[in-house]
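# No sequence on hand, only this structure:
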C-alpha cells in the first residue's frame, strides 16, 4: 500500500491512496482524512485502505485522478517525534579518520529533530546564515505505530507501519568554529510512504536491501546499498529508542545518511558507492588528497533522491529539494 498527504490548505493535508506505479491516486476521505488517524488505529483503518489500494491498482476505484508529486506534503506533515540516527558505522569512522569529526559533529546515537513542520518532496529549503553552511543527509525513514517500552527488536519491527525516503538537512559550523554546533534545519520526505510488503524480499529482518540514488545539481553522487553496512538493523534501533520510554503512533525514525564502507586499494581508500552527505565527501577528499575541496550547499543547489525496484520503477517517487535564499519569502 502507498499513501501520501495532498496539500489542501490545512496543516496535515488530505490523505490519498496512490497506485503501485505512482500514476493514479484517490482520496481516502471515506475512510480517514489524515495519516495520523490511520497510525493511531492501524488495525481498524488499514484493511479498508488496502481494499481501496487494490481497487485503484485494478482500475476499479471511483473518482481516481492522476497523481501529482508537486501536490504532496510530507506523508506525515506533523509528527509527535522525529528522531535521527546514523546507523551506518562507516559514516562516523570516515569522519574520525579524516579529522573532520568536529566539523561533522558526530553527536549522540539519536538526535531529536523538529517534527512540527516536516517538508514535502519538492519543497524549498532555507539556506545557511552567516558562520554556518548547509549539508544534506540522504536516508530512509520509518513511521511507527505504538511500540511498547523495552520491546525486543523483533517486536519493535512489528510496530513499523510505513517506510519513506528522507533528507535530513543540517547547518554545520564553518571550519575553525567551536565543535558541536551542527543544527537540524529541516527533514524532508518522499512523495509517498509505503508498507513493507511493497518491497518484497528487499525488506528482510529489518534491513532494506536496495540502492539509494542521490544526485546533486543533476549529477549522480551516490548509489549506496542501504542494508549492506548497517551496524544495527532498524528493529534494533527502534528497540534502543524504546529502551527508555514507549514510542507512540506517529513517531518517525530517520536513518541518515546511508553510508557504505570504503574499499582499500593499496595505500588508498576509495568509495565506489559514492556519498549521501557533503561532510562524507569532504572526509573522503581529506583522506585521499590531504584537504577537503567540495563546498557545501549554495542557493539554487538541488538534491534529488530516488529508489527503484528490480524493474527500474520508482518505489517512493523521487524527491528534489532546492536551496533558496535565507530571506526568501520574508
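Thanks, I have it. In this text the structure is predicted, and so the values were computed from the model without any measurement. Numbering: from 1, shown residues only.
# Every contact and neighbour count from this point should use C-alpha atoms.
Will do.
# and the next element down the chain from the longest strand along the chain?
The single longest strand within the chain, with elements called by DSSP state E, is strand 160-173. Per DSSP states H and E, the first helix or strand lying C-terminal to strand 160-173 is strand 183-189.
# where do the strands sit along the stretch 151-300 of the chain?
Counting by DSSP state E, counting those that start in this stretch, the stretch 151-300 of the chain has strands at residues 160-173, 183-189, 193-194, 203-204, 207-208, 211-216, 219-225, 251-255, 263-265, 268-270.
# which residues are in contact with the second one?
What it means is strand 183-189. Outside strand 183-189, the residues within contact range by Cα atoms under 8 Å, 6 or more residues apart in numbering are 74-75, 113-114, 117-121, 125, 164-172, 319.
# and the angle from that strand to strand 251-255?
Between the axes of strand 183-189 and strand 251-255, defined by axes from the mean of the first three to the mean of the last three Cα atoms, to 10 degrees, the angle is 100 degrees.
# Strand 183-189 vs strand 160-173, what angle?
Going by the same axes, to 10 degrees, strand 183-189 is angled at 140 degrees with respect to strand 160-173.
# Show me what counts as buried in strand 183-189.
Going by neighbour count (16 or more other Cα atoms under 10 Å), the buried part of strand 183-189 is 184-189.
# Show me which helix runs longest in this structure.
helix 42-57 (DSSP state H).
# check contacts around the closest residue to residue 260 other than its chain neighbours.
Using Cα to Cα, 6 or more residues apart in numbering and skipping the chain neighbours, the partner closest in space to residue 260 is residue 229 (5.7 Å). Taking Cα under 8 Å, 6+ apart as the criterion, residue 229 is in contact with 88-90, 259-261.
# Tell me which entries of these lie within helices.
Judged by DSSP H, the subset of the contacts of residue 229 located in helices is 89-90.
# Only the buried subset of the contacts of residue 229, as a ChimeraX command please.
To isolate the buried ones among the contacts of residue 229 in ChimeraX, judged by 16+ other Cα under 10 Å, type:
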select :88,89,90,259,260,261
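# Could you check how many residues crowd around residue 272?
Counted with other Cα atoms under 10 Å, the neighbours of residue 272 add up to 13.
# so what's it up against?
Neighbours of residue 272 in contact, by Cα under 8 Å, 6+ apart: 262-263.
# on that earlier part again, could you check the angle strand 160-173 makes with the longest helix of the chain?
In terms of direction (the same axes, to 10 degrees), helix 42-57 departs from strand 160-173 by 90 degrees.
# tell me the average confidence for helix 42-57?
For helix 42-57, mean pLDDT is 98.
# Ok, stretch 9-17 next?
Mean predicted confidence for stretch 9-17 is 97.
# With stretch 118-130 instead?
Average pLDDT, stretch 118-130: 92.
# quick one: buried residues of it?
By neighbour count on 16+ other Cα under 10 Å, the buried set for stretch 118-130 is 118-128.
# and the end-to-end length of it?
Start-to-end span of stretch 118-130 (Cα to Cα, to the nearest Å) is 24 Å.
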